[in-house]
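[1] with the sequence up front, the predicted model follows.
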Amino acid sequence: MKENRLKYSVEIVHQCGEYYKQGHSLKETAEHFNVPYQWVKVNLLRYGYRQPSKILKHQLHPPIEYFSKIDSHSKAYILGWLFSDGYVCRNPYGFTLGIALQAQDKYILDFIAKELDIPISKIKKYKNSYKLCVNERTICEDLIKLGVEEDKSHKETYFPDIPEEYHSSFIAGIFDGDGCITQKTAYNYTVVSICNNSRTFL
């Protein structure tokens, strides 16, 4: 039985790399050294045993410039959703845009995918939720410029620089993601609120 390694050293990376260079597949390499497939995939790229251009050749597509200019209510509304429940992060291949919603809100992800001209197959089910991930540099860079930064939940957030005529749609997207309406029947009034970590943004 192979040893189950909980920690993997740089030496193991190089051993995997040399084995991979001999013509073995990533799956065969992972099984041979008893390490996770995803770990092999990422680290062989990181240490130069694989080339991104070869990996992504089949994934090439025109840049998504949807957010290069906010000139519609739909764009502003989706931007609001991404401000509340979306994220942008760097990965070994470039950038990833992601948004995860509860199962009953999948229709929102369908709408976003359609607007971005992204295949519905990019929406994946995970337990009781659905997640949309897009690996595309242009769309992520445009969103970062608008304020959807990496690790944004721990940073001060600012209202994006978009035309004033679309402010209401942007706020509607924010509200659908982070807002709520509470009816205080005992006192006969209703509370409308938005939760956000940034006082400046609120």
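    Done, it's in.
[2] alpha carbons only for contacts and neighbour counts from here, please
    Noted.
[3] how about low-confidence regions in the chain?
    For the chain, the stretches flagged by pLDDT under 70 are 1-7, 51-62, 92-93.
[4] mind listing the helices for it?
    10-21, 26-33, 37-46, 52-56, 73-85, 106-116, 137-146, 167-178 (DSSP state H).
[5] closest one to residue 129 among those helices?
    helix 106-116 (8.0 Å; Cα to Cα).
[6] between the closest one and helix 73-85, how big is the angle?
    With axes from the mean of the first three to the mean of the last three Cα atoms, to 10 degrees as the basis, helix 106-116 and helix 73-85 are set at 130 degrees to each other.
[7] elements contacting helix 106-116?
    strand 129-134 (3 or more Cα pairs under 8 Å, 6 or more residues apart in numbering; DSSP states H and E).
[8] residue nearest the centroid of this structure?
    By Cα atoms, centre = their mean, the chain has its centre lying nearest to residue 98, at 2.0 Å.
[9] excluding its backbone neighbours, what's nearest it?
    Computed as Cα to Cα, 6 or more residues apart in numbering, the closest residue to residue 98 that is not its neighbour in sequence is residue 133, at 4.4 Å.
[10] just checking, that neighbour touches residue 95?
    No. Here residue 133 does not reach residue 95: they are 10.2 Å apart, not a contact under Cα atoms under 8 Å.
[11] now do the buried residues in stretch 136-152.
    136-144, 146-149, 152 (16 or more other Cα atoms under 10 Å).
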